[in-house]
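Novice: Sharing a sequence plus its predicted fold:
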Amino acid sequence: MSVTSALRECHRLRVHLRDLQAEIDRGPRVLQEHQNELEDERKAHRDHHDAIRHLKLKQREDEGTLKQTEVRLAKLEEQLTGISVQKEYAAKELEITHAKEKKGELEDAILATITEIEEKTAAVPAVEDKWKAAQAEFAQFQTEAAERLERMRADTEASRADLAKAEAELPADVKRTYDSVVKAKGPDAFAAAKNRVCQGCRTTMTEQQFTELRRGAFRTCAACGRMQYPAE
Ligand SMILES: [Zn+2]
């Protein structure tokens with residue numbers, strides 16, 4: 001393997017290793033996002049059942065109040081028959097009117113609550129399906145994420161071995177420069193040269209420099225310092 005071929009390979013592998021590491025590092029955040037989505041679904045499911053429970057409670061309470069109102073109304077109407085004073089009679093009548101209004105309001109409220117309970121109860125199978133689907137999706141995500149992580153770790157190990165092999169091709173004097181440029185720039189320590197132009201900084205080299213590079217000579221870009229190799 002020529003020096004430039006080795007550098008091309010080192011560049012590819014170091015970029016690949018950086019990308020792998022970035023994706024491995026993203027893993028916990030992606031997991032957290034999926035967990036948040038699952039928690040949202042768990043809450044939506046629980047809220048639906050809570051809402052039905054609260055509505056049923058409200059219905060019972062309103063029915064109790066309605067019963068009391070009816071008892072009170074009957075008593076008021078009974079009292080009305082025994083009143084002979086005009087002013088008292090009018091006051092009693094007003095009380096009866098208010099009690100009747102309250103009765104009507106309660107009946108309307110109970111009907112509305114019953115309708116809402118029926119609607120929410122009818123939606124329960126769909127709510128259950130959605131919750132089950134969310135749990136299944138999360139389980140599948142976990143399985144796939146574990147497999148992906150396993151693959152990326154194996155790829156990292158193999159790529160590191162390949163990198164070590166490519167680096168072993170570099171002569172000792174090149175390796176010294178290589179180590180210092182890599183230490184400073186990481187995966188950006190390399191640049192392809194395409195038609196004399198450094199792809200790292202767009203600087204053009206001379207025709208003679210490009211000819212030497214294509215013959216496999218080691219060189220760093222005069223402008224950006226990257227180790228160059230001819231573009232394929
Ligand atoms: Zn350059």
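Specialist: Alright, I've got the coordinates. Residues are numbered from 1 along each chain as shown.

Novice: Domains in the protein, by residue range?
Specialist: 20-168, 171-232 (automatic domain parsing).

Novice: Export those as JSON lines, with columns for mean pLDDT.
Specialist: Rendered in JSON lines, the data for these read as follows (pLDDT from 0 to 100):
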{"stretch": "domain 20-168", "mean pLDDT": "97"}
{"stretch": "domain 171-232", "mean pLDDT": "96"}
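
Novice: Which of the ones you listed has the highest mean neighbour count?
Specialist: domain 171-232 (a mean of 16; mean count of other C-beta atoms under 10 Å). Backbone N, C-alpha and C define where each C-beta goes, glycine included.

Novice: need the domains of the chain in CSV with distance to Met1, can you?
Specialist: Shown next, in CSV, are those (distance: least, C-beta to C-beta, whole Å):
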stretch, distance to Met1
domain 20-168, 7
domain 171-232, 9
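
Novice: I'd like to know which of these is closest to Arg8.
Specialist: Closest to Arg8 of the domains of the chain is domain 171-232 (C-beta to C-beta; 4.4 Å).

Novice: how far does the closest one sit from the chain's center?
Specialist: 41 Å (C-alpha atoms, centre = their mean, to the nearest Å).

Novice: How much space separates the residue nearest the centre of the chain from Lys56?
Specialist: Nearest to the geometric centre of the chain sits Glu33, at 3.3 Å (C-alpha atoms, centre = their mean). Using C-beta to C-beta, to the nearest Å, Glu33 is found at 36 Å from Lys56.

Novice: Specify the local secondary structure of Ile83.
Specialist: Three-state assignment for Ile83 (DSSP: H, G, I helix; E, B strand; the rest coil): coil.
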